[in-house]
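Enquirer: Okay, structure incoming, though there's no sequence with it:
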C-alpha cells in the first residue's frame, strides 16, 4: 500500500506503490464498437512475447530511461536527479536565451536495454535526514515496478548512486545576501 502526502505524488520511503490496476470489465462508456481499455496488472506482461506474427515491439533506451527517471522522482527524499556535472550543465543551458531544455525526465539515468531485460543506473541527490539505504531500496522497487509494468522488460538491476545531499540551508544560498556596506 502506498502512502501519499496530500497534494503530492511522492512515495513514502518505507512503502513502495502498488501498480495501478484497471478492471477489464469496465468500458470507456462509448457503447458498442468502442475501444477496450488496456489493463495494467500486478503481473508483468510475458517478456518473451515481444515478437508476434504481426511484428515486433522495440523499446528505445531513452524511453526506459524516462520511465525510470519519473519513477525515481516519485520517491519522497529524492531532491534531484543527476550528478553534479549534469545539473551544472543544465543550469548553464537554462540561462542561454533561446536554448531549449533537454528532457530532464531521463537526467541522471542510464540504461542498457536488451531484447527481454534492462539494467538501470540512477544518480541522485537526497534530502538531508533521509535514510539513504531505505531510500535506495524504495527507489529500486519503484523503478523496477514502473519499468516492468510499462515495458514488459525484466529489470535485472537498479544501481543507485547518491551524488550529493541537499541541506535545508542550501536553498537560502541561491538568494543574494544583503550587502555588507551601503
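Expert: Perfect, I can see it now. Keep in mind it's a predicted model, so treat the numbers as computed, not measured.
Enquirer: Low-confidence bits of this protein, can you list those?
Expert: In the prediction, the chain carries residues with pLDDT under 70 at positions 1-50, 84-96, 98-103, 171-178.
Enquirer: Please report the residue range of the longest helix in it.
Expert: Longest helix of the chain, by residue count under DSSP state H: helix 132-151.
Enquirer: Give me the buried positions along that one.
Expert: 135-151 (16 or more other CB atoms under 10 Å). For every residue, glycine as well, the C-beta is placed using N, CA and C.
Enquirer: so after it, what's the next helix or strand?
Expert: strand 154-166 (DSSP states H and E).
Enquirer: Kindly point out the strands partnered with that following strand and how each is oriented relative to it.
Expert: Using DSSP bridges, strand 154-166 pairs in its sheet with strand 117-127 (parallel).
Enquirer: got the buried residues for the partner strand?
Expert: Residues 118, 119, 120, 121, 122, 123, 124, 125, 126, 127 are the ones in strand 117-127 that count as buried (16+ other CB under 10 Å).
Enquirer: Can you name the residues in contact with that strand?
Expert: If you take CB atoms under 8 Å, 6 or more residues apart in numbering as the criterion, strand 117-127 is touched by 47, 64-65, 68-69, 72, 77-83, 86-87, 108-112, 132, 135, 139, 143, 147, 151, 153-166.
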